[in-house]
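> need a 3D model of the sequence below.
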Amino acid sequence: MSHTINDDDVDIVIAAIRPDLTTFMEEWRIIFSRFHLIIIKDPDLEKDLQIPPGFNHDVYTKLDIERVVGPAASASLSFSGYLCRYFGCLVSRKKYIVSVDDDCVPAKDDKGHLVDVVAQHITNLRVPATPFFFNTLYDPYRPGADFVRGYPFSLRNGVECALSCGLWLNVADYDAPTQIVKPQNRNSRYVDAVLTVPVGVMMPLSGINVGFKREVVGPVMFPGFRLSGEGKKRCETLEDIWSGMCAKVVCDHLGLGVKSGLPYVWRGIGEENDAMESLKREWEGVKLMEEVVPFFQSVRLPRTAVTAEQCVLEMAGMVKQRLGPLDPVFERAANAMVEWVKLWKAIGSGSS
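This is a model prediction of the structure:
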């Protein structure tokens, strides 16, 4: 299914944790040169960014983040490392945001064709989702597919899709314990499919390759889950997962769809990919997930929560009450959720 993209409707958000973006940008030129780019420099990065000419882009630095976010929110929210990508939600005014990390390059599909990440994310977001009844042929709206027998006709119009979660080839999406026991495993399997994640089902979102409708999901895409004792190297993966589960609960409550699958990117193996070092940073979070997942599975938001902002505030109260007594990390997360909503209402809620 083909959908024409209005280039002015899209912002590409890039979290830059490496100073030299030359190779990265050139790899993406054929796709990214059509769109406006929001490049956020990691606040911990001291060197100047190197960006090749020929792109329509704005760069935001530590000074910009401090100026926009302010001291109150800075105490709860951190934009260091790849989490600086979430700053792009605040400053963008476009309908769609597509976020790709700077250790990724375009992938090729199973036929050897270049994958247009932006086009596929926008297609996912424009085509209805089917969260209330699972279609065993995955996306029923795709050419060559349809609804299977037994699928209720009353649900075949689907619902609006708000969040598109892409995947990646090469580096397998493993946690640190699995990386240690399977260090040579690579993801080489390209699956030509998109599916809607059913209502009530949680999933581990990653901001590495994601697309979403900013006004709908922006209030939920925040850097709010901070482990204790974090050094300069943060555990962004678990923070993404927290944000993703918040987003999934909100989408379920508001009757919106979340998709997973295409598009793919190719993710490189960085020098920092040390499984033992990752395990030291992740282990606290691995244990906490055993409390986090059942919590989000059980969350039921009140009917009075009719906007994403209201949903986040309701969840923040539940996090503080039910998870706060288990570990201080949860109370900090609840405070971050409240601060993010305040920021969003003050800064990020404008439209183009």
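> what about Ile260, which SS state?
If you look again at residue 260, you'll see it is Ser, not Ile. Following DSSP: H, G, I helix; E, B strand; the rest coil, Ser260 is assigned to strand.
> next up, the contacts around it.
Shown in contact with Ser260 (CB atoms under 8 Å, 6 or more residues apart in numbering): 165, 167, 194-195, 197, 203. To be clear about C-beta, it is placed using only N, CA and C from the backbone, and glycine gets the same treatment.
> just the buried residues of the residues you listed.
165, 167, 194-195, 197 (16 or more other CB atoms under 10 Å).
> mind picking the two most distant members of these?
Leu167 and Val197 (13.1 Å; CB to CB).
> remind me which residues of the stretch 201-350 of the chain are low pLDDT?
For the stretch 201-350 of the chain, applying pLDDT under 70 flags the ranges 227-237, 270-273, 275, 278, 280-281, 350.
> let's go with 50 and repeat that
The stretch 201-350 of the chain contains residues with pLDDT under 50 at 231-234, 271.
> now do the strands in it.
Counting by DSSP state E, counting those that start in this stretch, the stretch 201-350 of the chain has strands at residues 209-213, 257-267.
> distance to Cys246 for those - can I get that in CSV?
Formatted as CSV, the strands of the stretch 201-350 of the chain follow (distance: least, CB to CB, whole Å):
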stretch, distance to Cys246
strand 209-213, 13
strand 257-267, 12
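> wait, which of the ones you listed is closest to Ile347?
Closest of the strands of the stretch 201-350 of the chain to Ile347 is strand 209-213, at 17.6 Å (criterion: CB to CB).
> partners of the closest one in the sheet?
With DSSP bridges as the test, strand 209-213 is paired with strand 96-100 (antiparallel), strand 161-171 (antiparallel).
> export those as JSON lines, with columns for mean pLDDT and distance to Asp139.
Shown next, in JSON lines, are the strands paired with strand 209-213 (pLDDT from 0 to 100; distance: least, CB to CB, whole Å):
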{"stretch": "strand 96-100", "mean pLDDT": "97", "distance to Asp139": "19"}
{"stretch": "strand 161-171", "mean pLDDT": "96", "distance to Asp139": "10"}
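> please identify the most buried of the ones you listed.
Burial of the strands paired with strand 209-213 is given as mean neighbour count (mean count of other CB atoms under 10 Å); strand 96-100 ranks first at a mean of 26.
> quick one: the strands in the stretch 1-150 of the chain, in order.
For the stretch 1-150 of the chain, the strands defined by DSSP E, counting those that start in this stretch occupy 10-16, 36-41, 56-60, 96-100, 104-106.
> show me what the third one is packed up against.
Identification of packing neighbours for strand 56-60 by 3 or more CB pairs under 8 Å, 6 or more residues apart in numbering; DSSP states H and E yields strand 36-41, helix 87-91.
> and if you look at the shortest one?
When contacts are defined as 3+ CB pairs under 8 Å, 6+ apart, strand 104-106 sits against helix 22-32, strand 257-267.
> so what touches that strand?
Residues outside strand 104-106 that contact it (CB under 8 Å, 6+ apart): 24, 27-28, 30-31, 114-115, 117, 168, 208-209, 265-268.
> can you name the residues that contact Phe24?
Neighbours of Phe24 in contact, by CB under 8 Å, 6+ apart: 18, 102, 105.
> distance-wise, check the spatially most central residue of the chain relative to Pro263.
The chain has Gly207 as the residue nearest its centroid, 3.3 Å off, counting by CA atoms, centre = their mean. For Gly207, the distance to Pro263 equals 15 Å [CB to CB, to the nearest Å].
> now swap in Leu301 and tell me
Leu301 is 30 Å from Pro263, by CB to CB.
> who's more crowded, these two?
A direct count of neighbours by other CB atoms under 10 Å for Leu301 and Pro263 places Pro263 higher, at 25 against 18.
> what's the local residue count around the nearest residue to the more buried one once chain neighbours are set aside?
Spatially, and ignoring its direct neighbours in sequence, Pro263 is nearest to Gln120 (3.6 Å; CB to CB, 6 or more residues apart in numbering). For Gln120, the count of nearby residues is 20 (other CB under 10 Å).
> isn't Gln120 up against Gly166?
Yes: taking CB atoms under 8 Å as the definition, Gln120 is a contact partner of Gly166 at 7.4 Å.
> what sits against the residue nearest to Pro263?
164, 166, 262-263.
> now Leu238
Contacts for Leu238 (CB under 8 Å, 6+ apart) come out as 225, 227, 282, 285, 288-289.
> can you pick out the most distant pair from the residues you listed?
Maximum pairwise distance among the contacts of Leu238 (CB to CB): 12.3 Å, between Phe225 and Glu282.
> hmm, back to that, among the buried ones among the contacts of Ser260, find me the one that's closest to Gln184.
Closest to Gln184, out of all of these and judged by CB to CB, is Leu167, at 19.7 Å.
> any idea how far Arg186 is from that closest one?
From Leu167 to Arg186 the distance is 13 Å (CB to CB).
> likewise Val265?
When distance is defined by CB to CB, Val265 is 14 Å away from Arg186.
> so what sits opposite the nearest residue to Glu27 once chain neighbours are set aside in the bridge?
Distances taken as CB to CB, 6+ apart place Val105 nearest to Glu27, at 4.2 Å, with adjacent residues excluded. Taking DSSP bridges as the rule, Val105 bridges to Trp266.
> all set, thanks.
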